[in-house]
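**Student:** Need coordinates for the below:
(2 chains)
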Amino acid sequence: QVQLQQSGPGLVKPSQTLSLTCAISGDSVSSNNAAWNWIRQSPSRGLEWLGRTYYRSKWYNNYAVSVKSRITINPDTSKNQFSLQLNAVTPEDTAVYYCARGDTTKDPYYFDSWGQGTLVTVSS
Amino acid sequence: DIVMTQSPLSLTVTPGEPASISCRSSQSLLNSNGFNYLDWYLQKPGQSPQVLIYLGSYRASGVPDRFSGSGSGTDFTLKISRVEAEDVGVYYCMQVLQSPTFGQGTKLEIK
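**Tutor:** Predicted coordinates for the structure are as follows:
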């Protein structure tokens, strides 16, 4: 059974960088059958997919258009984890952030394991 | 982006009675491979979402058979044949034909 454990600060100042990490157990970040996603949830925007990283002979990233200029998702094979960096945050980036595993053998996304969620507040 | 619209936004059901949630997409989710790229999730109170249905009508592993998904193109339905107390939460549809987008959610409460 795959488990995802999130870590990172719950408070970020405006214009700074939001950084979160998702540690994977029960699977490999380099799996050819999975993709590793970040999703956020806020009262104003609902559930919003942000992006993913996955390995298919080489590493790929896909990002949502809404955050494409500010987001980076990186795998860390040495620690079997992946990370989210969101630059130049504003109060609108305040949300609960989730990491999620996508089983790409089912459909292109199919989020079958989720982290516990991290509430990130953007405030000075 | 593909816009997903759910109805109703809230639902109160007596245990043992059926429930139905509708989801409409702004463009067809029917892929050339014949599959509808539409998933359903349930977010129970205080928990992360969990997948119920994928590709329109396929139940995820461990999901009770009282849950069923149907529809094609732009109109989809999630049905619960007999609601139980553990089914409370917010139900979301999500399209996976393009970068995923979610419906606004339907809150199910028990009467």
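**Student:** Can you report how many residues lie near B:Ser28?
**Tutor:** Residues near B:Ser28, counting by other CB atoms under 10 Å in any protein chain shown, number 14. All C-beta atoms are positioned from the backbone trio N, CA, C, and that covers glycine.
**Student:** first to last residue in stretch B:50-60, what's the distance?
**Tutor:** 9 Å (CA to CA, to the nearest Å).
**Student:** List the neighbours of it that are in contact with it.
**Tutor:** A:106-107, A:110-112, A:114, B:29, B:35-44, B:63, B:65, B:67-72, B:76, B:78, B:91 (CB atoms under 8 Å, 6 or more residues apart in numbering or on different chains).
**Student:** Can I get the buried part of those as one PyMOL selection?
**Tutor:** In PyMOL syntax, the buried subset of those is picked out as below (16 or more other CB atoms under 10 Å in any protein chain shown):
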select buried, (chain A and resi 106+107+110+111+112+114) or (chain B and resi 29+35+36+37+38+39+40+41+42+43+63+67+68+69+71+76+78+91)
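**Student:** Now, the contacts of stretch B:50-60 that are in strands?
**Tutor:** A:111-112, A:114, B:38-43, B:67-72, B:76, B:78, B:91 (DSSP state E).
**Student:** show me the contacts for A:Glu48.
**Tutor:** A:Glu48 neighbours (CB under 8 Å, 6+ apart): A:Ile39, A:Arg40, A:Gln41, A:Ser42, A:Ala64, A:Ser66, A:Ala95, B:Phe102.
**Student:** The same query, at a cut-off of 7 Å, please.
**Tutor:** Neighbour list for A:Glu48: A:Ile39, A:Arg40 [criterion: CB atoms under 7 Å, 6 or more residues apart in numbering or on different chains].
**Student:** can you pull the buried residues of the helix or strand hosting it?
**Tutor:** Assigning secondary structure by DSSP states H and E places A:Glu48 in strand A:46-55. For strand A:46-55, the neighbour count (16+ other CB under 10 Å) marks A:Gly46, A:Leu47, A:Glu48, A:Trp49, A:Leu50, A:Gly51, A:Arg52, A:Thr53, A:Tyr54, A:Tyr55 as buried.
**Student:** Skip ahead from that strand and say which helix or strand is next.
**Tutor:** strand A:59-63.
**Student:** That following strand packs against which elements?
**Tutor:** strand A:46-55, strand A:71-76 (3 or more CB pairs under 7 Å, 6 or more residues apart in numbering or on different chains; DSSP states H and E).
**Student:** and of these, who's closest to B:Lys111?
**Tutor:** Closest of the helices and strands packed on strand A:59-63 to B:Lys111 is strand A:46-55, at 25.8 Å (criterion: CB to CB).
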